[in-house]
Every structure is written in C-alpha cells, then in structure tokens.
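[1] Give me coordinates for this.
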Amino acid sequence: MAEKYKDTRYRNAKSEGKKITKLYDGNGLFLWVYEDGRKYWRLRYRIHGKEKSISLGVYPDISLSEAREKAKLERKKVDDHIDPSIDRKVTKQRAKQAAENSFEAVSREWYAKQIHTWVHSHAKDVKRRLEGNVFPYIGMHPISKIEAPELLNMIRIIENRGSYDLAHRVLQVCGQVFRYGVVTGRCSRDPAADLKGALTPHKKKNQAAVKPEELPELLRAIATYETTGNRQTQLALQLLTLTFVRTNELIGALWTEFDLDNALWIVPAERMKMRSEHVVPLTSRALEIINELKTIAGNSRYLLPGRNPNKPISNNTLLFALYRLGYKGKMTGHGFRAVASTILNESGFNPDAIERQLAHCERNEIRGAYNRAQYMPERIKMLQWWNDYIQGLENGASVVPLFKKSS
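    Purely as a prediction, here's the structure:
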C-alpha cells in the first residue's frame, strides 16, 4: 500500500518552482524532479569517506520497484568496497573495448586499409561476403574469443545452401582478418587455418573459352553479329579480341584514357585488378574500331555508353551477345584472354611479354610503375602480329599450330 501511495506521489510530483526537487524514498534512493518535468532516479552513497551519487534511470521508464532493486544491487557493491560510479565507468570502458575489438570492427578496419589496393568490383564482393555471411553470426563477438568450431558452424550455414565456392572464399577473407588482428594485437592466432580440410571440396570452374581451332568460327560469327544485334556490341567484341583486356577494363573505358596519336590505351591503376597502370598498344585495326565507336558514343565520356550516355554498357552485354551467337557455356569475355595466351605462347612469343600484356603483374606500386612499359617493343610487335592473325582468320584462313612468330 505504501509503495502504491509513493508511486502515485512520484507520478504527480512537480518541482514546485525549483530547478530540482529531490524526493527521498529511503536507503539513499531519491527521485529528482526537474523544472521542465523530467524525473530521474539517483542513489546517494558514501564510500572511502566521500559522499557520491549515481543515476539509476528515468522515471517512469524505470518503475519504483525497479529503481529500488537497482539501488539494492549498487548498495551491495558499496558493502563490498566497490565504488558503483567507478565500476560503471570500468564496465563502460570494457564494453567499448569489446566493441572496438569485435570481429566486425576489426574487419572494417582491415577493409579500410585494403580497399585502395582493390578494383571496385572486388571491394564490393568482399564487403558483401562479410556483411551477408559473417557479421550476422560472429560480427559482434570479440575477435580474440572466436575459436575454430564457432567459425566452422558459420561456414556450414553457407555450405548448407550449396554455396561451396563461396564458403571457401568467405573463410579466406576471415583468415585475412584474423591475421590482421594478430599483427595489430587484437587476437593471438588465426583459427581459420584450423579449418583446412574441414570444408566441402569444390571444383574451381575456369572461364569458358573456345579452343584455338574453334576461334575462326567464333570470329566469323562475331562478324555477322550486326545482323541480329547492334553495331556497338559487335565492335566491342572485336576490340576485346584484339586487345584481350579484361571485360571490366573494356566496359569502363573512358575516352581520356586513349592517346590515339601515339596509338596507346593507358588504363589507370584504379581500374586495374592488380592496381597497376596498364598500357595497351593499339593496332591499325583497333584504331579503326575505336574511331567508329567514337562516332557511336557521341558526347559520352565512355567508350561504350549504354542507353544512358552517362553510364557504360552493363557487364552482361558482351556475355549475352556471345549467348546470342550460340556460345553459351562455350565462351566468355575472359575467354578471349585465355585463347590469346595459348596461341601467342604456342607461336613463340616471349612468355614474360605475354604476361605483361595480360597485366599479370605484381601489386607492388614501384614495380607496377616500372612494368607498365616493360617489354613494350616486343608487345607492340606481338599485338600487331595478333591483329594480322585475327584478320586472317576472319577472312577465311585456317588455324594451324604456329611455333614461330613472324619477324
């Protein structure tokens, strides 16, 4: 009855014109009533010869009975010679440290350190894998407390969806985060390494590519694409054949990257997978294609603008064009790189020059700056030979194994 009376009193309490009116409940518990109507529970206590007080919450969110229970717990700390105010600060600091050292916090810190070394598409993939497959399960756990079984349970969820390749990729990312945690002092080891052999094996699928002897038929099919598709896509496929750059590098190409006077296409580092500037020598046929694409592009800043001239064509445009030509499952945009590499290596070109032209180079920035022009004379000759070879196939020449390059 007394509690009900007091609760009614507290509910109706006013400051009576004072800035703060303090209503005493007992055992050090007060309700502070402010002039603007706000009401707070506070506990007054004495420890180490000093009188102090702490807040126990807002009334009526914290009811009278809840406030009394909270006060009882805090007084127990005082009896044990623990200062509730200091204890609260320590608990808050520990919670802050735990949040800063959670797997998600360490992952985001690691991600921020790495992102400048990645192309946009890869950065997007890594972020999606973490946010969709990792953070919901272990994101808030302290990175130092995560053990292999807990990590495996998370990976099993991905495997149960049949996403075996993704499971391996997610674990790989987690391993990188743990190793970053080790060197920054947030954890002592990488438990992802313990899962070696525990994941369901997956067969890595190579990008579909035609065999060298199947290339003439593909080139002739592309030459007829304009009758069923559009001219821009046909030219894009032909330019991809001649330059064998990555599909994303072609699709995102800007006119500012082309030095047509010197027959060079300079792809900036930020658009390259390996984050190193890449130089593509342009042959006579490549220049013809680029000039025609310029007419089609109009005022767009993109080599291959989409329906919206302020954006390039979609990533699937060239792939769907190959589907339309009957090459679904037989050829991809990346496949042009594979077939070019095979033929050029069989034709006796310097393997290092081929690798440079494929932009298979180190991530090291200093080496990247040096490698951009490495083997350039050989690469120019090689690209012109490839140009002549492709045009010969388009015009009806048959493929024969080439073990000698033209001089």
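[2] Helix or strand: which one has the nearest residue to Asn248 once chain neighbours are set aside?
    Computed as CB to CB, 6 or more residues apart in numbering, the closest residue to Asn248 that is not its neighbour in sequence is Ser121, at 6.3 Å. C-betas here are computed from N, CA, C, even on glycine. Taking DSSP states H and E as the definition, one finds Ser121 inside helix 120-133.
[3] hmm, who's touching that helix?
    Contacts to helix 120-133, defined as CB atoms under 8 Å, 6 or more residues apart in numbering, come from residues 104, 107, 111, 114-115, 118, 154, 157-158, 166, 169-170, 173, 248, 273.
[4] out of these, which are buried?
    104, 107, 111, 118, 154, 158, 166, 169-170, 173, 248, 273 (16 or more other CB atoms under 10 Å).
[5] what's the most distant pair in those residues?
    Spatial extent of these (CB to CB) is set by the pair Met154 and Asn248 at 30.2 Å.
[6] buried set for the helix or strand hosting Leu287?
    Assigned by DSSP H and E, Leu287 belongs to helix 284-297. For helix 284-297, a neighbour-count test (16+ other CB under 10 Å) marks 285-286, 289-290, 293, 297 as buried.
[7] do stretch 180-187 as well
    Using 16+ other CB under 10 Å as the test for burial, stretch 180-187 gives 180-181, 186-187.
[8] ditto for stretch 157-164
    With burial defined by 16+ other CB under 10 Å, the residues of stretch 157-164 counted as buried are 158-159, 163.
[9] now swap in stretch 263-271 and tell me
    For stretch 263-271, burial by neighbour count (16+ other CB under 10 Å) applies to 263, 265, 267, 269, 271.
[10] Show residues contacting it.
    Stretch 263-271 is contacted by residues 119, 243, 245, 248-249, 252-253, 257-259, 275-283, 287, 368 when judged by CB under 8 Å, 6+ apart.
[11] Can you list which of those are found in strands?
    Judged by DSSP state E, the subset of the contacts of stretch 263-271 located in strands is 258-259, 278-281.
[12] Would you mind putting the CA coordinates of stretch 97-110 into PDB?
    C-alpha atoms of stretch 97-110 as PDB (Å, rounded to 0.1, in the frame of the first residue of the first chain):
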ATOM      1  CA  GLN A  97      37.000  -2.000 -25.900                       C
ATOM      2  CA  ALA A  98      34.900  -5.200 -26.700                       C
ATOM      3  CA  ALA A  99      33.100  -3.300 -29.400                       C
ATOM      4  CA  GLU A 100      36.300  -2.000 -30.900                       C
ATOM      5  CA  ASN A 101      37.800  -5.500 -30.800                       C
ATOM      6  CA  SER A 102      34.800  -7.300 -32.200                       C
ATOM      7  CA  PHE A 103      35.300  -9.300 -35.400                       C
ATOM      8  CA  GLU A 104      33.200  -6.700 -37.300                       C
ATOM      9  CA  ALA A 105      35.200  -3.800 -36.000                       C
ATOM     10  CA  VAL A 106      38.500  -5.400 -36.900                       C
ATOM     11  CA  SER A 107      37.100  -6.500 -40.300                       C
ATOM     12  CA  ARG A 108      36.000  -3.000 -41.200                       C
ATOM     13  CA  GLU A 109      39.400  -1.600 -40.100                       C
ATOM     14  CA  TRP A 110      41.200  -4.200 -42.200                       C
END
